[in-house]
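Undergrad: Got a sequence here, can you model it:
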Amino acid sequence: MRKNILYGTMLGLSMLSCTKDFKDINTDPNNITEITQRELPFMFAKAQSSSAMNRSFYQTVQNLGADLYAQYFALTTNSFSTDRYQLTPDWQRRFWTVIYVDTAPQLKSIMENTDPKSGEAALANIMWVYAFHRLTDHFGPVPYFGAAEAQDVIPYDPMDKIYADFFSRLTTAVENLKALPSGTAIFQGYDLVYDGNTEKWIHFANALRLRLALRISKVDPQMAKTEAEAAVAAGVMTDNSQNASMLKSLSGNDTNGLSQVAVWNEFSMSSTIASYLKGYEDPRLGIYFQPSFTGKAFNSVRNGATSIDLGNVRNQSASNSNVGTYWVRYNGGAIEGNFTQNFHVMCAAESFFLRAEGALNGWNMGGTAKELYEQGIQTSMQQWGVSDDAAIRNYIASSKMPVAPGDYHQSPAVSSTAIRWGTSMAEQREQVGTQKWLAIYPNGMEAWAEYRRTGYPKMYPIIQSDNSDLPKGTFINRLPYPLTEATDNLDELTKGRALLGGPDNAATKLWWDAD
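TA: This is a model prediction of the structure:
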């Protein structure tokens, strides 16, 4: 992949949108020839905003990809066909632009212009892991160790080496943050997630380390156990006050991406999540989604619906449920976006479910699997404003199961997974995976990765596949590499493809996706 570190840095500064109490840069960023301490906070904010998919990239990089593959949403339009696994090659390139132009050069500059043991370097390394784990979990081996270096081409690196570096960076970052004087604030006024609160950054880094440890639990169980136990011992998220969410702004392209695409009203609640939420009588149903504009009912669509199916009024957007009022609201016949709502990055509930799975593996997670599972449910409910303790207890004790969602295709219940803690290990693993998937909504990138790893929750097969590599009844496993790599970096791409262990198509499984 061709790279120019200075160009990437200048572009990052020139595209930076202003949020919170940011100040304007007085000099023309296009004339910057060297990086000073003055630019570093702006670079960090730019990298944060970009890594989480701002408005410019959210639709094509996440919403029309992972959000559909996680079966949170299903398309109600024939304008796109990614819901039927027909991929658009240029969209793969856009994800690489996000990482290799808008994120990595900024973070690399911070690392190179600060003390390696500083808080600034620690936060840059944490965001580096956050950004690159999402990329490699989409594609597989990627250019990593040479990313943001001033060189003509960057070689591809295997996922096991990339993950090992993730753990090393997160471990060192936490150690360095803990060594700072109490109350130290880093990038305060510029940090879009925690406003410089180092204690919360420590919890986030450890929670991310725990997530990645579970990701490799089937392919390298010993490393997974070591990293997971170390993360929990160092302090993962345990409370909603520690949730990671990113400030959004009307300036530039820095609005909430999901709010933006929801205004266009081209997708609906998927029948998979409808089956679970309706069957469980889950109080989050009316928070995650809202009734259809016509009919005022919680309606859904199956993923992969055919062009003919989508031509039926029952499958069109007005007849189905858009996302909840956190993101958009109906004003008469118009949809208005809540563009400045925080973007959800990671929540404490996820950590509880990861720990529950770890406990099922026999790891020391600081509690039993059942305790952690139930704490995860409670924490998620509270995160979304469900404050009735009795209602939460009743939900946890409920034997309710998914139901037929009532969609156009008359789909049956998607599974028979109950809420109340089961008696068999297999049932418990499915319950943990299902409730974690519900809790991390609307994070389609993480939900798709975890579905590929665990097989949970159970999902409907898509109605129709337009991808010959993915016949009906199969699920998408990765994204092929961008076409631009074949023109700009063919020799290294060829080596990268050899690391995949299969063809460069959407059917090949990633390294950690072991049965």
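Undergrad: For the stretch 301-450 of the chain, which segments are assigned as strands?
TA: With strands called from DSSP state E, counting those that start in this stretch, the stretch 301-450 of the chain shows them at 328-331, 334-337, 343-346.
Undergrad: Need those in CSV (columns: mean neighbour count, mean pLDDT and distance to residue 463).
TA: Every residue, glycine included, has its C-beta placed from N, CA and C. What follows is the strands of the stretch 301-450 of the chain, written out as CSV (neighbours: other C-beta atoms under 10 Å; pLDDT from 0 to 100; distance: least, C-beta to C-beta, whole Å):
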stretch, mean neighbour count, mean pLDDT, distance to residue 463
strand 328-331, 15, 94, 26
strand 334-337, 14, 95, 26
strand 343-346, 21, 98, 29
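Undergrad: State the pLDDT value of residue 26.
TA: The score at residue 26 is 32. That number is its pLDDT.
Undergrad: Could you point out which of the strands of the stretch 301-450 of the chain sits nearest residue 149?
TA: Closest approach to residue 149 among the strands of the stretch 301-450 of the chain (C-beta to C-beta): strand 343-346, 27.0 Å.
Undergrad: How about residues contacting the closest one?
TA: 52, 130, 193, 204, 207-208, 211, 237, 243-246, 248, 256-258, 442-443 (C-beta atoms under 8 Å, 6 or more residues apart in numbering).
Undergrad: neighbouring strands for it, and are they parallel or not?
TA: strand 244-246 (antiparallel) (DSSP bridges).
Undergrad: For the nearest residue to residue 386 once chain neighbours are set aside, give me its contacts.
TA: Closest residue to residue 386 apart from its sequence neighbours, by C-beta to C-beta, 6 or more residues apart in numbering: residue 283 at 4.9 Å. Contacts for residue 283 (C-beta under 8 Å, 6+ apart) come out as 381, 386, 391, 395.
Undergrad: Are we agreed that residue 283 is in a helix?
TA: No - counting by DSSP: H, G, I helix; E, B strand; the rest coil, residue 283 is not found in a helix; it is coil.
Undergrad: Just the pLDDT for it.
TA: Taking residue 283 on its own, its pLDDT is 98.
Undergrad: and if you look at the one 10 residues further on?
TA: Among the per-residue scores, residue 293 holds a pLDDT of 91.
Undergrad: I'd say it and residue 329 touch.
TA: No - Residue 293 is beyond contact range of residue 329, at 11.5 Å (criterion: C-beta atoms under 8 Å).
Undergrad: which helices and strands sit right next to the helix or strand hosting residue 45?
TA: In the assignment (DSSP states H and E), residue 45 maps to helix 40-51. Judged by 3 or more C-beta pairs under 8 Å, 6 or more residues apart in numbering; DSSP states H and E, the packing partners of helix 40-51 are helix 5-14, helix 89-100, helix 104-112, helix 119-139.
Undergrad: Leaving out the residues flanking it, which one is nearest to residue 247?
TA: Residue 247 sits nearest to residue 192 (C-beta to C-beta, 6+ apart), 4.5 Å away.
Undergrad: what's the neighbour count on the one you found?
TA: 25 (other C-beta atoms under 10 Å).
Undergrad: Which strand or helix spans it?
TA: Applying DSSP H and E, one finds residue 192 in no helix or strand.
Undergrad: ditto for residue 451
TA: Using DSSP H and E, the element containing residue 451 is helix 444-454.
Undergrad: same question for the helix or strand that that helix is followed by, mean pLDDT?
TA: Later in the chain than helix 444-454, the nearest helix or strand by DSSP H and E is helix 483-488. Averaging pLDDT along helix 483-488 gives 93.
Undergrad: Repeat that for stretch 197-205.
TA: The pLDDT scores in stretch 197-205 average 98.
Undergrad: Then stretch 251-262?
TA: On average, stretch 251-262 scores 93.
Undergrad: Adjust the sequence numbering to begin at 743 for everything that follows.
TA: Renumbered: residue one is now 743, and that last one reads stretch 993-1004.
Undergrad: For that stretch, give me every contacting residue.
TA: 757-761, 791, 795-801, 804-805, 990-991, 1009, 1064-1065, 1069-1070, 1077, 1079-1085, 1184.
Undergrad: Which positions within that stretch qualify as buried?
TA: For stretch 993-1004, a neighbour-count test (16 or more other C-beta atoms under 10 Å) marks 995-1004 as buried.
Undergrad: okay, now residue 1225: neighbour count?
TA: 12.
Undergrad: Buried subset of the contacts of stretch 993-1004, written for PyMOL?
TA: Buried residues among the contacts of stretch 993-1004 (16+ other C-beta under 10 Å), as a PyMOL selection:
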select buried, resi 757+758+759+761+791+795+796+797+798+799+800+801+804+805+990+991+1009+1064+1065+1069+1070+1077+1079+1080+1081+1083+1085+1184
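Undergrad: Just the ones of the contacts of stretch 993-1004 in helices?
TA: Applying DSSP state H to the contacts of stretch 993-1004, the entries found in helices are 791, 797-799.
Undergrad: Contacts for stretch 1097-1111, please.
TA: Looking at stretch 1097-1111 with C-beta under 8 Å, 6+ apart, the contacting residues turn out to be 952, 955-956, 959, 963, 966-967, 970-971, 974, 978, 1112, 1114-1115, 1117-1118, 1167, 1170-1171, 1174-1175, 1178.
Undergrad: where do the helices sit along the stretch 843-992 of the chain?
TA: Along the stretch 843-992 of the chain, counting by DSSP state H, counting those that start in this stretch, helices occupy 846-854, 861-881, 901-920, 940-957, 963-976.
Undergrad: what about those, which gets the closest to residue 890?
TA: Nearest to residue 890 among those is helix 846-854; the distance by C-beta to C-beta comes to 3.7 Å.
Undergrad: returning to that earlier point: which ones among the buried residues of stretch 993-1004 are found in helices?
TA: Reading helices off the buried residues of stretch 993-1004 with DSSP H, I get 999-1004.
Undergrad: State the distance from the residue nearest to residue 915 when sequence neighbours are not counted to residue 1023.
TA: For residue 915, ignoring the flanking residues on the chain, the nearest one in space by C-beta to C-beta, 6+ apart is residue 864 at 4.0 Å. Residue 864 is 44 Å from residue 1023, where distance means C-beta to C-beta, to the nearest Å.
Undergrad: Neighbour count: these two, which is higher?
TA: residue 864 (29 against 14).
Undergrad: right, and the more buried one touches residue 913 too?
TA: No - applying C-beta under 8 Å, one finds residue 864 not in contact with residue 913, separated by 10.8 Å.
Undergrad: For burial, what's the neighbour tally of the nearest residue to residue 787 once chain neighbours are set aside?
TA: Excluding the flanking residues, the one nearest residue 787 by C-beta to C-beta, 6+ apart is residue 932, at 4.8 Å. Neighbour count of residue 932, defined by other C-beta under 10 Å: 21.
Undergrad: Also residue 893?
TA: As a burial measure, residue 893 scores 13 neighbours (other C-beta under 10 Å).
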